[in-house]
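Q: sequence-free structure coming up:
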C-alpha cells in the first residue's frame, strides 16, 4: 500500500527545514521523528555478544530524545548483585537464562525504551512473545569481527574455552534462525564501522 509519502528516514532532503528570514537552515535528526511514530513501543536490540547492542542502543535512545536506554545484562547484575560470570558459575547457563527471562518480563512492562538484550535471550520461546510487542532489531556481525573486539574480555563465560572463535561461529549457527525473526536486520561487515554509523542505519 503506497501512501505516496517519502520515508523521511531514507530521504535526507526532508530532514532540512527553513530556519527563517536569514536563510539559515536547520537539520533535524531523523531519530527524533521515530519516537512519535512508534507510539511508545519499545525497540529491542538482539544479536551476538560483542556485536554493539549496548553502544548502539544507547546512542539511538539519546538521539530519539523521548526514549530511555536499558541494558538487560546491567539490570541482571544490579538485581542479583553478581557479575554475569558469577551467575554462570553458580547457576549455570540455564539458571542465567531463567533470570534473564524474568528481567525481560519486568522491562517489557515499560514503554518508550531502547533495550539491549543478552545474546542468548532469543533462544527461549517465551521471550519472543515479549520482544514482538515492540520492534526487534538484529545487529548482524561476522564472528571474526566480534572475536577481534572481545578476545581479551574475561566477562564472556561462554567463550572461556580452547577455541572461542569457533564457539562464536557455533553459537551464531544455533541462533541465526531466531535472530532472523527480527523486524529489521542491520548487517555490519566492516570492523571500522563505528556505533554512530550503525545508529544512522
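A: On my side now, so go ahead. Keep in mind the model is a prediction, meaning the values are calculated, not measured. Residues are numbered from 1 along each chain as shown.
Q: over to the residue nearest to residue 66 when sequence neighbours are not counted. Which of the three states is it?
A: The shortest distance from residue 66 to any non-neighbouring residue, by CB to CB, 6 or more residues apart in numbering, is to residue 35 (4.4 Å). Where C-beta positions appear, they are placed from N, C-alpha and C, glycine not excepted. Look at residue 35: counting by DSSP: H, G, I helix; E, B strand; the rest coil, its state is helix.
Q: you'd agree residue 35 is up against residue 67?
A: Yes - assessed by CB atoms under 8 Å, residue 35 is found in contact with residue 67 at 6.0 Å.
Q: mind listing the shared neighbours of the two?
A: Counting by CB atoms under 8 Å, 6 or more residues apart in numbering, the shared contacts of residue 35 and residue 67 are residue 112.
Q: looking at the two now, which is surrounded by more residues?
A: A count of neighbours by other CB atoms under 10 Å puts residue 67 above the other of residue 35 and residue 67, at 23 against 18.
Q: just checking, that one touches residue 57?
A: No - applying CB under 8 Å as the test, residue 67 and residue 57 come out as separate, 9.7 Å apart.
Q: okay, and the common contacts of the two?
A: Taking CB under 8 Å, 6+ apart as the criterion, residue 67 and residue 57 both touch 43, 114.
Q: in the lengthiest strand in the chain, what's buried?
A: Longest strand in the chain, counting residues (DSSP state E): strand 135-141. Applying a neighbour-count criterion of 16 or more other CB atoms under 10 Å, one finds 135-141 buried in strand 135-141.
Q: could you check how far it is from the centre of its chain?
A: Offset of strand 135-141 from its chain centre (CA atoms, centre = their mean, to the nearest Å): 6 Å.
Q: so what strands line up beside it?
A: For strand 135-141, the pairing partners within the sheet under DSSP bridges are strand 43-46 (parallel), strand 184-188 (parallel).
Q: show residues contacting that strand.
A: Under CB under 8 Å, 6+ apart, the answer for strand 135-141 is 38, 41-48, 50-53, 56, 179-188, 198.
Q: all good on my end, thank you.
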